[in-house]
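Student: A structural model of the following input is requested.
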Amino acid sequence: MTDTSIPSADQSVDEETPAAAATETDEGAVVTREKKAPADSDLFRQSEIAADYVEGLLDILDYDGDIDELVSGGRPVVEVVGGRLQSLVGQRGATLEALQELARLAVFRQTGTPSRLLLDVGGYRAARRKELAAVAKNAVEKVKEHGEPVRLEPMSAFERKCVHDVVNAMSGVESESEGVEPNRRIVVRPVAD
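Tutor: A predicted model of the protein is given here:
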């Protein structure tokens, strides 16, 4: 039986640092080497595979949308724009997250390599990123004002990363995720002296 699972959004496939691979030599010594990041051509190929998959879904659903495939920030990206696409985003991006995982699976099945593909529909992720920046700044202000940790509502991996990025750019505060999916949330707290 073939394992078709791919790492979820919270696993190492989404982390910023390259993973290390350990191999054993003939003498029994273990050698650790870093895996190289995929070349832009490989990343673009991943976005093409995902775009073909998403295009097939749009055809089945009889939705019209323009699909752009690109590489941004060292990861493959597929953007779908057009009218009548809100149902592909779903409530708080839940459907979009599911479609992204399906597109990642399509890439994995063709390449044998886990993908950090990012799928966006109708500019949802860009708009959500702005909202989350405001939420993060508000939490930081509360932490600095009261000196007490602030627990945010449960968020997806994408949403948590957006908040962590904003909090990490500010001094005097830190953030960490706690809990288990789907109730994983961020806690913003003052930095211990």
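
Student: when you work out contacts or count neighbours from here on, use the C-alpha atoms and nothing else.
Tutor: Fine.

Student: and residue 76, that one's in a strand?
Tutor: Yes. Checked against DSSP: H, G, I helix; E, B strand; the rest coil, residue 76 lies within a strand.

Student: ok, what's across the strand from it?
Tutor: In this structure, residue 76 bridges to residue 71 when assessed by DSSP bridges.

Student: so where do the strands sit in this structure?
Tutor: Taking DSSP state E to define them, one finds strands in the chain at 20-24, 30-34, 66-72, 75-81, 118-121, 150-151, 173-178, 185-190.

Student: got a markdown table for the ones you listed, with mean neighbour count and distance to residue 140 too?
Tutor: Output for the strands of the chain, formatted as a markdown table (neighbours: other Cα atoms under 10 Å; distance: least, Cα to Cα, whole Å):
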| stretch | mean neighbour count | distance to residue 140 |
| --- | --- | --- |
| strand 20-24 | 11 | 34 |
| strand 30-34 | 11 | 36 |
| strand 66-72 | 16 | 28 |
| strand 75-81 | 22 | 29 |
| strand 118-121 | 23 | 27 |
| strand 150-151 | 18 | 8 |
| strand 173-178 | 18 | 7 |
| strand 185-190 | 20 | 7 |
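
Student: nearest to residue 93, of those strands?
Tutor: strand 118-121 (9.4 Å; Cα to Cα).

Student: what residues does that closest one touch?
Tutor: For strand 118-121, contacts defined as Cα atoms under 8 Å, 6 or more residues apart in numbering pick out 75-81, 85-86, 88-89, 96, 99-100.

Student: no more questions from me, cheers.
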